[in-house]
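> using only what follows, build the 3D model:
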Amino acid sequence: MEIKQAQQDVDQWIKTVGVRYFNELTNLGILMEEVGELSRLMVRKYGEQSFKESDKGKDLGDEMADVLWVLICLANQTGVDLTEALHKNFEKKNLRDATRHLENDKLK
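Model prediction:
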């Protein structure tokens, strides 16, 4: 699925099943909650913390998709075309970081 299509599909779902968007600040709070849930799972799966019973069975992809969903909601609400924004972000990174990482001894 293309990012543009994802933005359209989320918008359609919100307007039909979800009734309406939560306001932008509410969605920002929800985004932080979803990032926290992703973080919790990552820390347990790849870090040193052990799984609690309530953590078992959680799916990393599902947690990432929850983060993406709310980010798409925020983009739709604020008029951001994520495809265009990502292209511009690549341009910025390619200019700013053209040799930065290659010259970083910590990465060798």
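
> how about the contacts made by residue 14?
Residues in contact with residue 14 (CB atoms under 8 Å, 6 or more residues apart in numbering) are 20, 21, 73, 76. Using the backbone N, CA and C atoms, a C-beta is placed for each residue, glycine as well.

> could you redo the last one with a cut-off of 10 Å?
Residues in contact with residue 14 (CB atoms under 10 Å, 6 or more residues apart in numbering) are 20, 21, 22, 69, 72, 73, 76, 77.

> also residue 39?
Contacts of residue 39 by CB under 10 Å, 6+ apart are 47, 63, 67.

> neighbours of the last one, how many?
Put plainly, it is residue 67. For residue 67, the neighbour count with other CB atoms under 10 Å is 19.

> buried sites along the lengthiest helix in the chain?
Using DSSP state H, we find that the single longest helix of the chain is helix 24-46. For helix 24-46, burial by neighbour count (16 or more other CB atoms under 10 Å) applies to 27, 30, 31, 34, 35, 37, 38, 40, 41, 44.

> with distance to residue 52 and pLDDT as new columns, can those be given to me in JSON lines?
Listed next are the buried residues of helix 24-46 as JSON lines, based on distance: CB to CB, whole Å; pLDDT from 0 to 100:
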{"residue": "27", "distance to residue 52": "28", "pLDDT": "98"}
{"residue": "30", "distance to residue 52": "23", "pLDDT": "98"}
{"residue": "31", "distance to residue 52": "24", "pLDDT": "98"}
{"residue": "34", "distance to residue 52": "19", "pLDDT": "98"}
{"residue": "35", "distance to residue 52": "19", "pLDDT": "98"}
{"residue": "37", "distance to residue 52": "13", "pLDDT": "96"}
{"residue": "38", "distance to residue 52": "16", "pLDDT": "97"}
{"residue": "40", "distance to residue 52": "9", "pLDDT": "96"}
{"residue": "41", "distance to residue 52": "11", "pLDDT": "96"}
{"residue": "44", "distance to residue 52": "8", "pLDDT": "94"}
